[in-house]
Structures are given as C-alpha cells and as structure tokens.
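**Q** Fold the following.
(one chain, ligands or ions: 1)
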Amino acid sequence: MVKLRVKVVTWEDVVRWTKELAFVILESGYKPDVIVAIARGGLTPARLLADYMDVIDILSLKVEHWVETGSHQEEAVIKYAAQGIDLSNAKVLIVDDICDTGKSLMVAKDYVEKYWKARQVKLATMQYIEPVAQIRPDYFVDLVRDWTWYMYPWNYVEDMVNLVKKILKEHAPLSLQEIIIKFQEWYNITPPIPLSETLRVMEYRGLVKKVDGKYELS
Ligand code: AMP
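**A** Predicted structure coming up:
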C-alpha cells in the first residue's frame, strides 16, 4: 500500500511550468520590478521566471517550514531577516515552487510588505494544492487536488534520503534488495537516484550503518 503520494519532477517539467507561469503573469499585465525568491524551493523557479520576464533584480528570503520530506513544523518562520531593504517604489513578485499549506507565502508576503515596504506584492508558484492551502497564489499553473509530495530535481538527494529513512525507521535492518522492494511498495515511483547511491550517501553522512550486509539507521 502506498504510504506517501510522491511525484518525481524532471528538469523539463520545471522549465515547462515556469515558462507557462511567466506567460500567465505577463498576460495579466503585472510587470514586477523585483522578484523575491523564497529559499530554498523558489530559487530555481525565480531565476527562470526572471529570465522569461526580463527582471534583473532578484532577492531571496529564507523561510523554514517543511524541514523533512512529507512532514512540517506548525509555523513558518523567516531566518536571516534582512533589514534596510527599501522596496517602496517596487512592484514585487514573490516566487516559491509550491503552495502547500501556504504558510511560507503568507509569512513572506507579510514580511516584504511590513519591513521592505513593497509598493505592491503578488504571489506566484508552479503548484497550488487547493484543498489544504490557506492562501491562493495570484499566479500558478498546476492546480493539485490530491495532496502529493513533489520531488523537485533540486531536492532529489534530500528527498531520497528522507524517504529511505522513513522505511528504515519502521523496518530495519534491511538488505539493499529489501529496501528496493519496500521503496516501490511505499512510494510507487522510479527513484530519480538509485537506492544503492542513496544508501552510499547516507553512509557517508553517518545516517545509516551496514551490519552483516543489512542497513539500519545509525
Ligand atoms: P508551505 O509553507 O506549506 O506552503 O510549504 C513550504 C515549502 O515546503 C514549499 O515551498 C516547498 O519547498 C516545501 N513543500 C511543502 N509541501 C510540499 C510538497 N507537497 N511537495 C514538495 N515540496 C513541498
């Protein structure tokens, strides 16, 4: 039985979605002067959007909410809150990869309005998970009806590690072959990074140890 609904996103998907998103925004008539990328998920989409939309100025705001694949802390918080930025003459576009609960976007919007004094703020994401989001981005291209974890290409390693950790928390010790079978059962995806490689990374990071040919969490 699938434990977590996961979708593997390719670089081609990201390029297609951000291009579509740029057109949606341009056709709305909104021409941002500054893009604020929510770090880390919004960094790559923001850079691509800036290219398609001819925006030179990109700033970034680090928001922490989902610290581990598929699970989050209650509140989103801004880390490294930069002061002294004046956007009072700027139309701003805040960009993130996905609007899940929407809390990251809400916190970022409040911050940019209150402390950076933005003249106008709009929100853009590729994915918008409608049934759970507490805010609707002004612009999005993929309306998601069933909650899914999107495995973006900039997060493959982190996500693979976390997905394997979840299995080993319940089922260790397991051989590579047993992990491959469980991974298929639990997530029903083709891993974007082979499990052998993921486990090697986990060994280097001291997250797993191998005893008699079987893996368990350290
Ligand atoms: P949220 O504050 O719930 O809207 O989500 C904050 C951030 O966590 C997003 O910008 C993503 O980087 C990450 N995230 C949350 N939910 C998902 C998901 N379903 N799939 C992939 N990444 C997610």
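**Q** Just the pLDDT for the residue of the chain found nearest the ligand.
**A** Nearest to the ligand in the chain, going by Cβ to the nearest ligand atom, is residue 41, at a distance of 2.7 Å. All C-beta atoms are positioned from the backbone trio N, CA, C, and that covers glycine. We have a pLDDT of 97 for residue 41.
**Q** Count the residues that sit near it.
**A** Using other Cβ atoms under 10 Å, residue 41 has 24 neighbouring residues.
**Q** and it, helix, strand or coil?
**A** Under DSSP: H, G, I helix; E, B strand; the rest coil, residue 41 falls in the coil class.
**Q** Please state the backbone phi and psi of it?
**A** Per-residue torsions, residue 41: phi -60, psi -30 (degrees, to the nearest 10).
**Q** didn't it look like it was pressed against residue 94?
**A** No - contact status for residue 41 versus residue 94: not in contact, 11.9 Å apart, counting by Cβ atoms under 8 Å.
**Q** just to revisit the earlier point, which ones are touching the residue of the chain closest to the ligand?
**A** 96-98, 152, 154-155 (Cβ atoms under 8 Å, 6 or more residues apart in numbering).
**Q** Which residues does the lowest-mean-pLDDT helix or strand in the chain contact?
**A** Ranked by mean pLDDT, DSSP states H and E, the helix or strand of the chain with the weakest confidence is strand 77-79, at a mean of 92. With contacts defined as Cβ under 8 Å, 6+ apart, strand 77-79 is touched by 61-65, 107-108, 111.
**Q** Pull the contacting residues for residue 55.
**A** For residue 55, the contacting residues are 32-35, 49, 93, by Cβ under 8 Å, 6+ apart.
**Q** What about the ligand: which of the residues you listed touch it?
**A** The subset of the contacts of residue 55 within reach of the ligand, by Cβ under 6 Å from any ligand atom, is empty.
**Q** top of those by neighbour count?
**A** residue 93 (27 neighbours).
**Q** Quick one: classify the nearest residue to residue 37 once chain neighbours are set aside as helix, strand or coil.
**A** The shortest distance from residue 37 to any non-neighbouring residue, by Cβ to Cβ, 6 or more residues apart in numbering, is to residue 46 (3.4 Å). Following three-state DSSP, residue 46 is assigned to helix.
**Q** In this structure residue 46 contacts residue 58, no?
**A** Yes - using Cβ under 8 Å, residue 46 is in contact with residue 58, at 5.9 Å.
**Q** Have a look at these two and say which one is more surrounded.
**A** residue 46 (26 against 16).
**Q** what sits against the more buried one?
**A** Counted by Cβ under 8 Å, 6+ apart, residue 46 has contacts 35-37, 58, 60, 95.
**Q** Let's have these in a markdown table, adding pLDDT.
**A** Conversion of those to a markdown table gives the following (pLDDT from 0 to 100):
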| residue | pLDDT |
| --- | --- |
| 35 | 98 |
| 36 | 98 |
| 37 | 98 |
| 58 | 98 |
| 60 | 97 |
| 95 | 98 |
